[in-house]
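1. Here is a sequence together with a model predicted from it:
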There are 2 protein chains.
Amino acid sequence: MADNDKRKHLVIFQPAGRRGYIDEGKTIKEASRELGVDLESVCGGQATCGKCKVRIEEGFFERYGISSGMEHLSPMEERERKYFAKHQETAGYRLSCVAHVYGDILIFVPEESRAGKQVVRKAATERAIKLKPAVRQYYAELYPATLDDPLADWERLQAELNRRFGLGNLTIDYRVLLSLQRVIRQGDWKVTVSVWMGREVIKIEPGLVEKAYGLAVDIGTTTVAGYLHDLTNGRLVATDSMMNPQVTYGEDVMSRITYAMVNEDGLKRMNQVIIKSLNQIAGRVALQAGIKHQDILDMVIVGNTCMHHIFLGINPEYLGRAPFPATIHHSLNIKVRELGLKISPGAYVHVLPVEAGFIGADNVGVLIAGEPYNQSEMILIIDIGTNSELVLGNRDKLISSSCASGPAFEGAHIKYGMRAAPGAIESVKIDPDSKEVCFKVIGKTDLRNDSELVKAKGICGSGIIDAIAQMFRAAILQEGGRFNTDVRIPRLRVTNEGPEFVIAWAVEASINQDITMCQADVRAVQLAKAAIYTGAKMMMRRLDVNRLDKILLAGAFGNYIDRESAMIIGLFPSCALENIYTVGNAAGDGACLALLNIDKRRKADKIARQVEYVELAVEPDFERQFTQALHFPL
Amino acid sequence: MADNDKRKHLVIFQPAGRRGYIDEGKTIKEASRELGVDLESVCGGQATCGKCKVRIEEGFFERYGISSGMEHLSPMEERERKYFAKHQETAGYRLSCVAHVYGDILIFVPEESRAGKQVVRKAATERAIKLKPAVRQYYAELYPATLDDPLADWERLQAELNRRFGLGNLTIDYRVLLSLQRVIRQGDWKVTVSVWMGREVIKIEPGLVEKAYGLAVDIGTTTVAGYLHDLTNGRLVATDSMMNPQVTYGEDVMSRITYAMVNEDGLKRMNQVIIKSLNQIAGRVALQAGIKHQDILDMVIVGNTCMHHIFLGINPEYLGRAPFPATIHHSLNIKVRELGLKISPGAYVHVLPVEAGFIGADNVGVLIAGEPYNQSEMILIIDIGTNSELVLGNRDKLISSSCASGPAFEGAHIKYGMRAAPGAIESVKIDPDSKEVCFKVIGKTDLRNDSELVKAKGICGSGIIDAIAQMFRAAILQEGGRFNTDVRIPRLRVTNEGPEFVIAWAVEASINQDITMCQADVRAVQLAKAAIYTGAKMMMRRLDVNRLDKILLAGAFGNYIDRESAMIIGLFPSCALENIYTVGNAAGDGACLALLNIDKRRKADKIARQVEYVELAVEPDFERQFTQALHFPL
């Protein structure tokens, strides 16, 4: 049945006020995507996270003489019910990924279900680096062709570039060739050529031009960050970041793999939105720098293996099942026009190599930024995420592994968990005696303005780690993770679902509920931290290492983690507190380095193959080690 | 004004019966193109050849009560009149490129104005050649990925290809990479890869496959010919040819350059039609060979510099004005998908190098086929066309030149001249005593069926040379080119426009007129042959050569020329008759050789830069030499 044969229904989302006609039978989640309303989604529409609750409003229908919006939806399903308190069900709540539209409907999106624009705090730090970019510009003045010297335009240019700059064996991009004769004459036989890797002309402009820019991009699962550099002096001239728009197809890597498998054009759709985002970033940084997007002559991409695959348009399916093989490890140089990227059309995008199915180009970026391969100290690098990546070693040997730490630190599978967005509790202190809690909430802007009171909406990764550590230190939690119900304070209470501890009272929250940590939340954090700890320990055993000289916490999350809290819950093997460093967005740093110095690209390819990937789950005593690591250390 | 705002008129072409509504103000020529009616056109719509005459019919209009179609056209222009005999003008003839449509009209296309499907006699001969194609296939069986060995698909394949076939440093086409994981699993970890130039995987197929084909194409100004080879054994498995569809935009190179300059999207249009033709040829030869067009894994193109530029989408404008520089000489390897060519999408098309603005890749093809650079004899290679290309030399030195011999040998600028199509007189004998004429006419098919009587419609290149030579030998023409009016026979008569000789009487012709050679025709041939002769002589002087050991006549026209007639009129410097060879479509041969052996490609690039291009028109005594060469040799 063609699209226009389908019945359509008016769907309105409040408070955003977005409205439009939606094909009958689509889910509310699909409708929200079509109408540009961002709903929370951790599981990617699998009805397993319960984050996309919406309330069906009736008022709209009364005005037209209809009593309840519920009649215009598919019936409530059993699998939804567990996500609703009884009062919610009667108040007309549904999971938007389950409920299908069969009539006009007005929907209210409660605050906790809104995927607000996330606070993006990725920022690649500037480092001293020898400038050796892939693209350089050369100016040439040619003698015009004459009857005595009718050499073709390209050979004439080639000869001059060889004579003056020693550029032998140059080739020319096919599209650039098409403009050659026009540009040479427009510049009155004076031109500036941009040469890639000393071997291919990727742009030609009339006259003398000194505009060569490069864009490094870190495609994170959640955040995409771009760094525009002036390739003539290495300076960072503009940055921009935005939420990875694939978030609406699932918040973590596994959900996106599932989305690609379940939906015929899922891969294509996710590829298209990320390409569009990169083009938006390119356009915005160009605007900031006062250049044209065509002045961007080079691009470097990092991202985890799944982001890497989707960016390239490669099906990530096999990354999601054992033995998790990637399609390609090596770095790639691809013409941007093949990918639909809108910078200078003759330019290449360099995609950093990936190490393994779970160790991506982002980790390679971390390696070339942190350079453990040049150090004598024993270093552990941890990039915490749903899958956490670990690298251990020094100049003698490097091994890497990944562990399924789960999305707890990203706020998923935690009752009041959320991402590091405005309203998230990001740090928690509990007085060991009074057990009183104080916490900090992320403000509306990056520069937190304390005068602006933001009410708590949930609790994000760093806050979760703090809360668990503080509860353990305050003896609210026992060593095994159980609540110590001997503590008699109002904050620690026992519900039908078991004990829970109130972090923020309803009056301090914007969601009109107490924000609590329950037993299941504690378990989720235990599983996550045990995975990382066990991974690190088994890697140390593999290298026969007893102690760590240094721990580097990479990634946006690592940047905000409280090192002491992390030590308290046993997130990683012991190390002197002063030797634990947060290195910020090292993946983005690595991308910038590879943009500015091609030796870094060669090093990345080499190191990506040298780092030995260790599959930990197959070790015989993994289970036993893991079970031990669930405890909090004394 | 948008297209659909324009007034449209019904235009009908007879006898083809094509009809359609045409925008007001378009020329009849434009209307014919839109309705798929092929009109002759030598000058490309410049009103300088007079070949596109049409007759405006009145019957159609009487039926609707309108007396004359002429009222529905723009008025007769002065520049048209000279192409019409008085009786034609009153009979309603117009030049289709001048007359604009302003009302419904019925048009009759007389036979001499129809561009019938030309007889294509290009055929690349098979030669012994060492097989060394650019694309080879390799079969590999891989171990499936496991948790202990989770190497990525590409690196796994790469390692196996290196181990088994010594293929190190392979890269993979981006589009092929996208299919890699699917194909490997589809083939149960057994695959066949096609590798280009030993360095890039351009195709991957599941299981064992032995299907590697290559297509060599000669893009002639008039004819496009394709030769499909099996790259596994070098065999020619199918051929196909068709008229170059650019013919409707002008019959010769200069007309097409003009068309590209005068029409904003002229280049784009001519590029699109030739790409479409190549795709048709690829489809047809694949059908003949029982393969899919995706089984064609390589392609080689030759053509003169203008065809070369238009094929690539490069503006040919500068080829048409002094100093006639090309945009590029070197050979090119371009992904077929960049050009819109539909063979295996990862494949490259190899475009042979061009020597100079007037010495194209076709001539390079001739060189690598004829190999004068390997001979000790002094060889002259002539490729006769509107621009004739000359190469002189041997293993010590080679020089090339071109001369504007004009289109006389292609039938243009000759009163009854035509291309080598059915109805063309292709050979002429005149009895020296009786002065009686006998001639041969090209039949409807390539295999001339003598039982099928085809009446003469005009006279083509080989017939023209025959006629002039025979008239000279029969003393009808004098040494200086004037008619000998002392000869008193009915065939030699004097009209208002001067003397003319009847080759075919009206009863022998399909156009109801005598087919004659007039004084202007003789002059046109004299100019053409003098240009070639002078060019050859001056090249001989440049190399200090007195005599030729061998002459090779290349090109479709050279194949049919009568060597003795050519000697009689003095088309080239003297050489023993038995040392004059016709080498057929050597350009096409060269393309096939380059397809089958990559050493030939390297040789072509080398030789194209070694052959010294000589501009003859700048030599001081060119004029004097040329004037002398106008005479017929005694």
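-> Arrived safely.

2. pLDDT below threshold where in the stretch 351-500 of chain A?
-> Along the stretch 351-500 of chain A, segments meeting pLDDT under 70 span A:444-453.

3. show me where it has strands.
-> A:379-383, A:387-393, A:398-404, A:424-430, A:437-441, A:458-459, A:492-495, A:498-504 (DSSP state E, counting those that start in this stretch).

4. Ok, which of those strands comes nearest B:C403?
-> Closest approach to B:C403 among these (CB to CB): strand A:398-404, 69.5 Å. Any C-beta I mention is one placed from the backbone N, CA and C, and that applies to glycine too.

5. neighbouring strands for that closest one, and are they parallel or not?
-> Here strand A:398-404 is paired, per DSSP bridges, with strand A:387-393 (antiparallel), strand A:612-613 (parallel).

6. neighbouring contacts of the following helix or strand past the last one?
-> Downstream of strand A:612-613, the next assigned helix or strand under DSSP states H and E is helix A:622-629. By CB atoms under 8 Å, 6 or more residues apart in numbering or on different chains, the residues outside helix A:622-629 that reach it are A:529-531, A:533-534, A:537-538, A:570, A:616.

7. Just the closest of the residues you listed to A:I275, please.
-> Closest approach between those and A:I275, by CB to CB: A:A531, at 33.1 Å.

8. Report whether the helix or strand hosting that closest one contacts chain B.
-> Using DSSP H and E, A:A531 sits in helix A:519-542. No: contact between helix A:519-542 and chain B is absent, the nearest approach being 14.1 Å (criterion: CB under 8 Å from any CB of the partner chain).

9. Where does the stretch 451-600 of chain A get nearest to chain B, which residue?
-> A:R542 (14.1 Å; CB to the nearest CB).

10. okay, now that residue: neighbour count?
-> 17 (other CB atoms under 10 Å in any protein chain shown).

11. Equivalent analysis for A:E251, please.
-> The burial count for A:E251: 27, using other CB under 10 Å.

12. wait, what's in contact with A:G234?
-> Residues near A:G234 by CB under 8 Å, 6+ apart: A:129, A:131, A:133, A:596.

13. ok, 10 Å please
-> A:126, A:128-133, A:214, A:592, A:595-597 (CB atoms under 10 Å, 6 or more residues apart in numbering or on different chains).

14. just checking, it is part of a helix?
-> No: using DSSP: H, G, I helix; E, B strand; the rest coil, the secondary structure at A:G234 is coil, not a helix.

15. surely A:A509 meets A:G423?
-> Yes: under the criterion of CB atoms under 10 Å, A:A509 lies in contact with A:G423, with a separation of 8.8 Å.

16. who touches both of the two?
-> By CB under 10 Å, 6+ apart, the residues touching both A:A509 and A:G423 are A:111-112, A:441, A:455-458.

17. Just name the closest of the contacts of helix A:622-629 to A:E160, please.
-> A:L616 (57.8 Å).

18. Let me see the confidence value for A:E615.
-> A:E615 is assigned 81 on the pLDDT scale.

19. tell me which parts of the stretch 51-200 of chain A are close to chain B?
-> A:144-158, A:171-175, A:177-182, A:184-185 (CB under 10 Å from any CB of the partner chain).

20. Can you say which of those are buried?
-> For these, a burial check counting by 16 or more other CB atoms under 10 Å in any protein chain shown picks out A:145, A:150-158, A:171-174, A:177-182, A:184.

21. Which of the residues you listed fall within helices?
-> Using DSSP state H, the members of those that fall within helices are A:153-158, A:174, A:177-182, A:184.

22. how far away is A:D295 from chain B?
-> Separation of A:D295 from chain B (CB to the nearest CB, to the nearest Å) stands at 23 Å.

23. distance of that residue from A:S344?
-> Distance of A:D295 to A:S344, computed by CB to CB, to the nearest Å: 7 Å.
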